[in-house]
Structure formats: structure tokens, C-alpha cells
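Trainee: coords please:
(chains A, B, C and D)
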Protein chains: 2
Amino acid sequence: MFRNRILASLSPDALAHIAEHSQHRGMKAGEVIYENEAHVTHAVFPERGVVAIMAEMRDGRSVQQGSVGYEGFVGYAIVLGGGTALGRSVVLVAGEALWVPIAAFDQALLRFMSVRDAMLRYGQAHTIELMQLVACSSLHPADQRLSRWLLQTSDRMQAESFYLTQDAMAKTLGLRRATINMICGELMDAGAIDYSRGNLTVTDRAKLEARSCECYDRIRQAYFSRQKQQGLP
Amino acid sequence: MFRNRILASLSPDALAHIAEHSQHRGMKAGEVIYENEAHVTHAVFPERGVVAIMAEMRDGRSVQQGSVGYEGFVGYAIVLGGGTALGRSVVLVAGEALWVPIAAFDQALLRFMSVRDAMLRYGQAHTIELMQLVACSSLHPADQRLSRWLLQTSDRMQAESFYLTQDAMAKTLGLRRATINMICGELMDAGAIDYSRGNLTVTDRAKLEARSCECYDRIRQAYFSRQKQQGLP
DNA sequence: GGATTTATGACCGATATCGTACATAGCGAA
DNA sequence: TTCGCTATGTACGATATCGGTCATAAATCC
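Mentor: Prediction:
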């Protein structure tokens, strides 16, 4: 039914309620969903494609603080009760998403246990991801971080091939394009990826995992293998 | 009554319920509160001192993923419904804390709106902090990060002086002790801090702010902006 | 088909940080 | 007091990454 994993996990009545009030929209690459601290009007559940949450610094440099694909949603601030976006969300790889108005979403949170459970699960995975990313970007060299990030993006795309320029990768990882270029060359020489003018393919996932840091596995586990949860009022 | 800002913000009935079932304990520097993924039995609200949440990598390197002082608590995993610690929490600067058993805490969450509100507020601030730290550790040089971190630690201590070895700072920021030593020298030359054998004093907060990155302000705002200034020294 | 834009590959010197090692000063214990 | 431990200051070469620039190939537009 829904590719989005959170939506797919909801009980039928919750899903019916949400779907009734929502709409499907395409996401074009580069499109900004929310500016940082913008008023959040919808929870956006990607069905396909990847949204990057970006930090933009005063000096113009930027770096990704997290990303969202079919396994999550944009607008976590709603759950935290803030109402303003925690970062700048930009479409990194084009796709489409379900836009759920905040009123319908809040009501669903209130009414359906399956929605609350899903939010707790996502909140936990998301928090673990953020914590691991703090460590990763402090400790791990650029080639390992890029390898990790390519694997994560491939996971979130549920695809081995997608469109991404070196420039986009550089902005995302807070590195220079020249550095990305060099590492991409190494990864191609190693046969881990194939790359040409934005058309990126992960050709050998095992090789890419070998070149990435332990953070990839830890984050993947946070999203894909923690299931025990308890309900919260 | 309570120095801990979360406890201080609770309604009298909630506070009475929590205090009744809890106990005060000292925290010695170096003491481990929870190992990573350990079973969480208490929510720990520091009254004084600072607890660091550490990531430990397979190669033995470590780095701080966040820290907790009088403005927060250790055991956020409880709120997320996980029950297992999200990182390794270690006492960085000695102090004392209120230990609230998980049963009493869950009950308070269920029963008192003020507890739920406090958790949402803290969750939001904590999430913003993590996101900013991801950006900071990707983009900002060691001297700015150390300056930011000293300011944050001073804030969490509500004091200008505290005990911290260069070795502890190095482990915390994921840098070499030699690097810390160099930067501390610069900060002392600039008159921003005073330092000798672990006895650290922030002598000129303004100078330290000037040398730190914008991340300090952003994180401080996340924790302190929607409340009255709570006696920052 | 030619012009323009986009994305790349590559190069330079500069600099921040690393890994390691070693010598010394203060401090507490015996 | 003397000893031993802890914390420090410092030095060296190695390496990763930066900042900036330029040339070129592919794609796109007219």
C-alpha cells in the first residue's frame, strides 16, 4: 500500500484517518520543504526519494544533519511540540511524498496508539542516528564518512542507482568538491561504485561497507532492528 | 528547592510524587552511570556536576555526544520507550544527583502534564543540540569547538571554575591531548581562561565567546530561550 | 551546429591535526 | 623526605584536508 515504512506500520483505522486528510505530491531535487525554524504545517512522509536536513552556517558552509527517506518523515518538530522546523529540509534526490496536515496528524497522535508507537520508534532511531553522527563527524576520515553516507542514501532510496552530483555530496558532507572527486575516484578504482556525471551506482555493496566506518551498521540497526517498545500515554 | 531545572519546573504534586520515591546520591568524577545499551533503571537528574554521554569506537577512540548538567537528566531513553541507554554516561565533573526509579518516573509521566511538558521541552532542546553538534564537528576547527565546549560546561556547572584535566578534554572532544594543550595555551595567552593542573577557570567569558563558533549561541538558545534567564553566571 | 552551462578532473601551496615520543613539574603516599 | 604517579609542556615528521584556480568533457539550449 504505502512504501513509507511508518505509514505502512500504522493500524488500518489510523491509516484511513491520515490518508483521508492528506495529499500526494512530487518532490523535485533542490526543492525546499521547510526553511530552518519555519512554521511546520505538514508532516511529510516520503514514498520515494530522499530529503536532507541541512545546517547552514553564517559563513555559507553547509552540512547535512540527517536525512529522511521512506523509513521516516519530515516534521519531527511536531511530535516534540515545537511547531517550528529544526533544520532546513531540502529534497536531495527527487521522489514523492504524502503531506499530512498538522491538524490531522495531531488528531491521529491523540487517537491512535499505533501512531504514538511509531513516533516513539522513529524518535529513538533518529536520536541514535544523530548521536552516532556527532561521533562519526568528529572521529572518522572523509572516505569512511562518504562510504557510509552512500550506503545510507542507497538504503533510503531502496535502490542501487540514483542521481547525485559531486557538488551535492560535498555540500552534504561539508567537504570540498575536490575531496569528493578524489574519493569517488578511489571508490571507482576499487570497483565499489560506478559514477559518471551524477549517475551514481553502488556496484559492490560489500566493498563499500568495508570502506565505511562502524557508524553505518550502528545507525542501520537503530532503524531496522530495534522493535521492543512500550506504549506511552 | 531543586537546583535541577527540570525538577524545579514541575508542578508541586508531580514533584512531591517524584521526590518521595527518589534518592540523592553523590557522583564521583569518572563514575559510569550507564554503559551503552545498558538497562536503564533510573532517571538521573544532576543537581550539581556534569555527566558526559560518550561514544566509544572499536578502535578505542572516544568522543562526547552530549552532556547533561542541572538543565537536563540522564536516561532520556526512558521517554523514548526504549529502556536501554543510548550512550555511555560518565561523570565528567563531580557533583550530586537525584535518582528517580523508572517506575516512579513512568507513573509521573502518565499522571502529570507538567512532567510530559518538561520532557517535550527537553527533548526538543536536546535534539537541536545534537543536530548542531553534528554540524559543528563537521565544520568547525578545534579551537572554536573547545571554546564552545568550555562555555557550555561552565553553563552546566553554573560556575566559572571546575576541575578538568587536558586528558579529559581530549577524550571528550576526540582530539589529542597535545592539541588541547596548544589551544589551552592560546586561550591563556588571550586571557580567556586560567588553567593549571586541572583547575580551570573561565576568566573572560566574552573573549571565550569571541573565539567559539556560532554553535554555542544556537545551543544555548535551544535550552534557555523560551524561559526566563535562569541565573547564568 | 554552435554557444552556453554544468559537472568533472586535476593541480598548487597552505594549514590543521595526527601519532608518537620524551622530559619535567607538582602532588600525594609511604 | 623520597618515591612514584599524574598531568603537563613540547617537539618532530607525517598526513588529511583546505582554498583557490584552471582546463576540459558532457549535456543542454537556441
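
Trainee: List the buried residues for the lengthiest helix in chain A?
Mentor: The single longest helix within chain A, with elements called by DSSP state H, is helix A:113-139. Going by neighbour count (16 or more other Cβ atoms under 10 Å in any protein chain shown), the buried part of helix A:113-139 is A:114-139. No exception for glycine: its C-beta is placed from N, CA and C like everyone else's.

Trainee: Same question for stretch A:1-8.
Mentor: Neighbour-count burial for stretch A:1-8 flags A:Phe2, A:Arg3, A:Asn4, A:Arg5, A:Ile6, A:Leu7 (criterion: 16+ other Cβ under 10 Å).

Trainee: and those residues as TSV, adding secondary structure and pLDDT?
Mentor: Compiled in TSV, these are given as follows (DSSP: H, G, I helix; E, B strand; the rest coil; pLDDT from 0 to 100):
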residue	secondary structure	pLDDT
A:Phe2	coil	90
A:Arg3	coil	94
A:Asn4	coil	96
A:Arg5	helix	95
A:Ile6	helix	96
A:Leu7	helix	95
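
Trainee: From these, pick the one nearest B:Leu80.
Mentor: Ranked by distance to B:Leu80 (Cβ to Cβ), those are led by A:Ile6 at 15.3 Å.

Trainee: Pull up the per-residue confidence for the nearest residue to that closest one once chain neighbours are set aside.
Mentor: Using Cβ to Cβ, 6 or more residues apart in numbering or on different chains and skipping the chain neighbours, the partner closest in space to A:Ile6 is A:Ala118 (5.1 Å). pLDDT recorded at A:Ala118 is 94.

Trainee: how much space between A:Ala118 and A:Gln132?
Mentor: 21 Å (Cβ to Cβ, to the nearest Å).

Trainee: Also A:Val115?
Mentor: A:Val115 is 26 Å from A:Gln132, by Cβ to Cβ.

Trainee: Tell me where chain A has strands.
Mentor: A:23-27, A:32-34, A:42-56, A:62-68, A:88-101, A:161-163, A:193-196, A:199-202 (DSSP state E).

Trainee: Check whether the second one comes near chain B.
Mentor: Read it as strand A:32-34. No - figure legend: strand A:32-34 not in contact with chain B (Cβ under 8 Å from any Cβ of the partner chain); closest approach 13.5 Å.

Trainee: Next: the longest one.
Mentor: Yes - taking Cβ under 8 Å from any Cβ as the criterion, strand A:42-56 and chain B are in contact, through A:Ile53, A:Ala55.

Trainee: Now do that strand: which elements does it pack against?
Mentor: strand A:23-27, strand A:62-68, strand A:88-101, helix A:102-111, helix A:142-157, helix A:166-173, helix B:113-139 (3 or more Cβ pairs under 8 Å, 6 or more residues apart in numbering or on different chains; DSSP states H and E).

Trainee: Of all these, which one comes closest to DNA strand D?
Mentor: In terms of Cβ to the nearest atom of the strand, the element of these nearest to DNA strand D is helix A:142-157, at 3.5 Å.

Trainee: Please state the offset of that closest one from the chain centre?
Mentor: Distance of helix A:142-157 from the chain centroid (Cα atoms, centre = their mean, to the nearest Å) equals 11 Å.

Trainee: mind checking how far the most centrally placed residue in chain A is from B:Tyr76?
Mentor: Most central residue of chain A, judged by C-alpha distance to the mean C-alpha position with Cα atoms, centre = their mean, is A:Val68 at 1.9 Å. Using Cβ to Cβ, A:Val68 is found at 21 Å from B:Tyr76.

Trainee: now swap in A:Arg3 and tell me
Mentor: Using Cβ to Cβ, A:Arg3 is found at 31 Å from B:Tyr76.

Trainee: okay, the least confident helix or strand in chain A by mean pLDDT in PDB with CA atoms only?
Mentor: Ranked by mean pLDDT, DSSP states H and E, the weakest helix or strand in chain A is strand A:193-196, scoring a mean of 89. Taking Å, rounded to 0.1, in the frame of the first residue of the first chain, the C-alpha atoms of strand A:193-196 are listed here in PDB:
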ATOM      1  CA  ILE A 193      30.800   2.300  -7.200                       C
ATOM      2  CA  ASP A 194      30.200   3.400 -10.700                       C
ATOM      3  CA  TYR A 195      30.000   7.100 -11.300                       C
ATOM      4  CA  SER A 196      29.500   9.400 -14.200                       C
END
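
Trainee: That strand pairs with which strands?
Mentor: Strand A:193-196 has the following strand partners under DSSP bridges: strand A:199-202 (antiparallel).

Trainee: Run through who's touching the strand it pairs with.
Mentor: A:150-151, A:154, A:160-164, A:192-195, A:208 (Cβ atoms under 8 Å, 6 or more residues apart in numbering or on different chains).

Trainee: of the residues you listed, buried ones?
Mentor: Taking 16+ other Cβ under 10 Å as the criterion, what is buried in those is A:Leu150, A:Leu151, A:Ser154, A:Phe162, A:Leu164, A:Ala192, A:Ile193, A:Tyr195, A:Leu208.

Trainee: Check the residues you listed against DNA strand C and report the nearest one.
Mentor: A:Tyr195 (6.2 Å).
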